[in-house]
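Enquirer: Return atomic coordinates for the entry below.
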Amino acid sequence: MSRPAPRRPVRAWLITPALAVERFDKAKGCGADIALADLEDSVAPSHKAAARTTAEEFLHTQTASGPVLGLRVNAPVTADGVRDLAAITAYAHQPDIVLVPKVESARDIDIVAGALDTPAHTPTIYALIETPRAINQLPSILAATRLGGLLFGAADYAALTGCARTWDSLLYARSAIANSAAAAGIPAIDSPFFDIEDLSGLREETERARALGFQGKGAVHPRQIPVITRAFTPSADEIAAAQDILTADQTAGAAVTTVSGRMVGPPLVAAARAVVDQAATASS
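Expert: Here you go, the predicted structure:
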């Protein structure tokens, strides 16, 4: 099943607690491609109702030049998740993205779509893949026709499996998510890097995630946004090399050709076209 590629960049994601009203302007102005208000982990159970009210305020100032705005709701099979969805249906401004945590079946996506889809608005629904069962159930999760993307939740996954939160320990889960998203034609977004001060570590992990096939990464602080954005934006050299391949392919027709001493066939042409398309999306 193939779904259309995102029309706007999905490189850098920032999630802000829905109760942190004083952070809303910074979250929307820090350069993130996606900004979400969080109703789940960052909100204590006793404050969930208040967070649903302030989350609506977060959605009020969507602009063409600003980030895409959305919400992370509570799991839809929980009481708080049901209350979240009921509250959102009454919002004057609807979220463009809804991130669904603890997804382990297509049913979770179907519930959210059933509650929020209207003839006037259908949000893009992302599944937060953060449990061992979710990794095992990826094929069935991807059967949800309203699924728009996958986001890896490394912290919960590591805690549940007992593995270290290192690149090597999480490589299997990341590879499974990236492969499954590619097969479905939807974006895969990598887990945040949790050390706010280690920007070089963030850069290395982000570059590895891009090399694995991820199209974006979560951030835990606005200072991480520029690093993530740069890593997921094709460089001038990458764009030039891709354009050389596409030019050579046009000249050669359907034949295999060479560029700078390297044989170029259909797979490399497809990769080059993806780089050029990614650069065009990033500049839009």
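Enquirer: Where does the residue nearest the centre of the chain sit: helix, strand or coil?
Expert: In the chain, the C-alpha closest to the average C-alpha coordinate belongs to Ile189, at a distance of 3.7 Å (C-alpha atoms, centre = their mean). On the three-state scheme (DSSP: H, G, I helix; E, B strand; the rest coil), Ile189 is labelled strand.
Enquirer: What are the boundaries of the helices in this structure?
Expert: Here the chain has its helices, by DSSP state H, at 24-29, 48-58, 79-88, 106-116, 132-136, 138-141, 154-161, 167-184, 199-212, 225-231, 236-252, 266-283.
Enquirer: The first one - contacts with which helices or strands?
Expert: Just to be clear, that refers to helix 24-29. strand 12-17, strand 34-38 (3 or more C-beta pairs under 8 Å, 6 or more residues apart in numbering; DSSP states H and E). From N, CA and C alone the C-beta is placed, and that goes for glycine too.
Enquirer: which residues touch that helix?
Expert: Contacts to helix 24-29, defined as C-beta atoms under 8 Å, 6 or more residues apart in numbering, come from residues Leu14, Thr16, Ala35, Ala37, Glu57, Phe58, Thr61, Gly66, Pro67, Leu69, Pro222.
Enquirer: hmm, 6 Å instead?
Expert: For helix 24-29, the surrounding residues in contact (C-beta atoms under 6 Å, 6 or more residues apart in numbering) are Leu14, Thr16, Ala35, Phe58, Gly66.
Enquirer: for the residues you listed, which one is nearest Leu171?
Expert: Distances from these to Leu171 were compared by C-beta to C-beta; the smallest belongs to Leu14, at 25.1 Å.
Enquirer: Not counting residues beside it along the chain, what's closest to that closest one?
Expert: Ranked by C-beta to C-beta, 6 or more residues apart in numbering and with sequence neighbours excluded, the top spatial neighbour of Leu14 is Ala32, at 4.2 Å.
Enquirer: cool, and Ala35?
Expert: If you skip the residues right next to it in sequence, Ala35 has Pro67 as its closest partner in space, 4.1 Å away by C-beta to C-beta, 6+ apart.
Enquirer: these two touch, right, the one you found and Leu36?
Expert: No - with contacts defined as C-beta atoms under 6 Å, Pro67 does not count as touching Leu36, sitting 9.1 Å away.
Enquirer: circling back: can you pick the most crowded of the contacts of helix 24-29?
Expert: Greatest neighbour count in these, by other C-beta atoms under 10 Å, goes to Ala35: 28 neighbours.
Enquirer: Could you give the bridge partners of that one?
Expert: Beta-bridge pairing of Ala35, defined through DSSP bridges, involves Leu14, Leu69.
Enquirer: now it: how far from Ile97?
Expert: When C-beta to C-beta, to the nearest Å is the yardstick, Ala35 and Ile97 sit 9 Å from each other.
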